[in-house]
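Asks: sharing a model that was predicted from the sequence below.
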Amino acid sequence: MHDMLLHAWRIGLRQVEQETDNIEVYRIVSGYTSVFVTTLLIEDLLKLVNRRWSVQLQHISRVQNVIVDKLAALSRDGDMGELVWCDPPGEVLDALQNDKFAFDSATM
């Protein structure tokens with residue numbers, strides 16, 4: 001979440017919607033829980049969220065976040081730095097197809 005928000009800030013976005021399947025981070029960033037012990041990353045995330053911009057945070061289930069989790073795993077597998085895909089990598093095509101099927105079924 002921190003890296004995505006930092007990237008959004010750096011490219012000049014000032015209204016951002018961020019989804020997370022991490023309920024603890026969602027509660028901390030949304031102010032629903034007090035933090036007694038923080039890490040540097042959580043402190044940096046809170047500073048980033050509190051900049052002069054609009055960050056809307058939404059908690060979603062892990063099932064809804066399958067594609068993002070797969071993309072994150074791909075980026076963690078090596079030292080690739082920042083990645084931008086023009087086309088979805090093959091590793092997520094099945095999950096994209098499943099999402100499309102579920103969306104199409106829900107809208108019929």
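Replies: Thanks, I have it.
Asks: now residue 21: phi and psi?
Replies: phi -100, psi 10 (degrees, to the nearest 10).
Asks: neighbours of it, how many?
Replies: Residue 21: 16 surrounding residues under other C-beta atoms under 10 Å. Backbone N, C-alpha and C define where each C-beta goes, glycine included.
Asks: what does residue 19 give?
Replies: Neighbour tally, residue 19, other C-beta under 10 Å: 15.
Asks: let me see the contact set for it.
Replies: Residues in contact with residue 19 (C-beta atoms under 8 Å, 6 or more residues apart in numbering) are 57, 58, 59, 60, 64, 65, 68.
Asks: now the fifth one: how far from residue 95?
Replies: I take that to be residue 64. 11 Å (C-beta to C-beta, to the nearest Å).
Asks: same check, this time on the first one
Replies: When distances are taken as C-beta to C-beta, residue 57 and residue 95 turn out to be 23 Å apart.
Asks: just give the nearest non-adjacent residue to residue 52, would you?
Replies: residue 14 (7.8 Å; C-beta to C-beta, 6 or more residues apart in numbering).
Asks: brilliant, that's me finished.
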